[in-house]
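Peer 1: From the sequence below, what's the structure:
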Amino acid sequence: MYKNITKVLALIMLSTTLLLAQPLPYNWPSVNNWSGGKFDVPTWFAPDMKVSGYEILRFHEGYYDSNSVGHWSYVFALVVNETQEIDTSFLIDETQRYFLGLGRVLGDKKDMNLKADAISVIPTSSSYKSSYTGQVQNFQLNAFDSWESAQTIKLNTRIYTYLCQDKHHRAIVYAISPQKFAHPIWDQLTAEANAFSCP
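Peer 2: Residues are numbered from 1 along each chain as shown. Take a look at the predicted model:
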């Protein structure tokens with residue numbers, strides 16, 4: 001597992017180096033001091049994604065530790081070249097494409113034959129407006145744990161979508177954890193997601 005993690009981190013570092021020369025319309029001080037990286041979208045593991053731009057990630061320090069409360073808990077933001085409103089159907093499809101690619105390509109337990117219906121994205125709340133974070137919606141994401149178990153893992157997911165201040169990009173921010181939304185870890189995840197902005 002750790003060999004694959006090293007490869008992923010190396011790819012992130014390479015992508016980060018390549019992107020440093022480009023103007024990046026975002027600001028994200030990690031309020032939890034979480035580490036991460038950034039790379040192009042569509043990602044190399046999900047080239048069929050419909051949006052284009054880049055992705056920035058922030059991992060809970062226990063993300064890779066199955067004994068940690070923060071296992072599989074992280075926040076990532078897509079900054080994409082899209083000005084139109086993104087509806088629930090599009091979010092479901094794009095999230096499914098992303099996590100299907102993740103399960104097929106990354107991790108010790110990756111499965112190139114993973115069927116599309118192995119990944120499902122189910123809305124668990126209606127989309128609502130927030131004055132600070134735009135549209136907000138909760139989902140249950142049934143993803144594939146390609147790092148350890150090679151089994152479906154249920155991830156609670158909160159997605160924020162809003163137009164960036166430059167009016168040329170849109171932010172799609174994912175907060176993800178297997179922990180229930182009532183769990184205290186969601187205070188950290190929510191704070192991390194809310195700290196993201198794209199001027």
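
Peer 1: those strands in this protein, which residues are they?
Peer 2: 35-41, 53-59, 74-80, 120-123, 128-130, 134-144, 152-163, 170-177 (DSSP state E).

Peer 1: Outside of the second one itself, list whatever touches it.
Peer 2: The contact list for strand 53-59, computed with Cβ atoms under 8 Å, 6 or more residues apart in numbering, reads 12, 19, 24, 26, 28, 30, 32, 34-41, 43, 74-82, 169, 192, 196. Quick note: C-beta positions are derived from backbone N, CA and C, even for glycine.

Peer 1: so what's the most centrally placed residue in the chain bridging to?
Peer 2: Among the residues of the chain, the one closest to the centroid is Phe76, at 3.8 Å (Cα atoms, centre = their mean). For Phe76, the beta-bridge partners under DSSP bridges are Leu57, Tyr174.

Peer 1: in terms of contact, does it touch Tyr174 like I think?
Peer 2: Yes: counting by Cβ atoms under 8 Å, Phe76 touches Tyr174, with 5.3 Å between them.

Peer 1: one step back: give me the ChimeraX select line for the contacts of strand 53-59, limited to the buried ones.
Peer 2: In ChimeraX, a selection of the buried entries from the contacts of strand 53-59 looks like this (16 or more other Cβ atoms under 10 Å):
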select :12,19,26,28,32,34,36,37,38,39,41,43,74,75,76,77,78,79,80,82,169,192,196
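
Peer 1: from the chain's centre, how far out does stretch 67-86 sit?
Peer 2: 3 Å (Cα atoms, centre = their mean, to the nearest Å).
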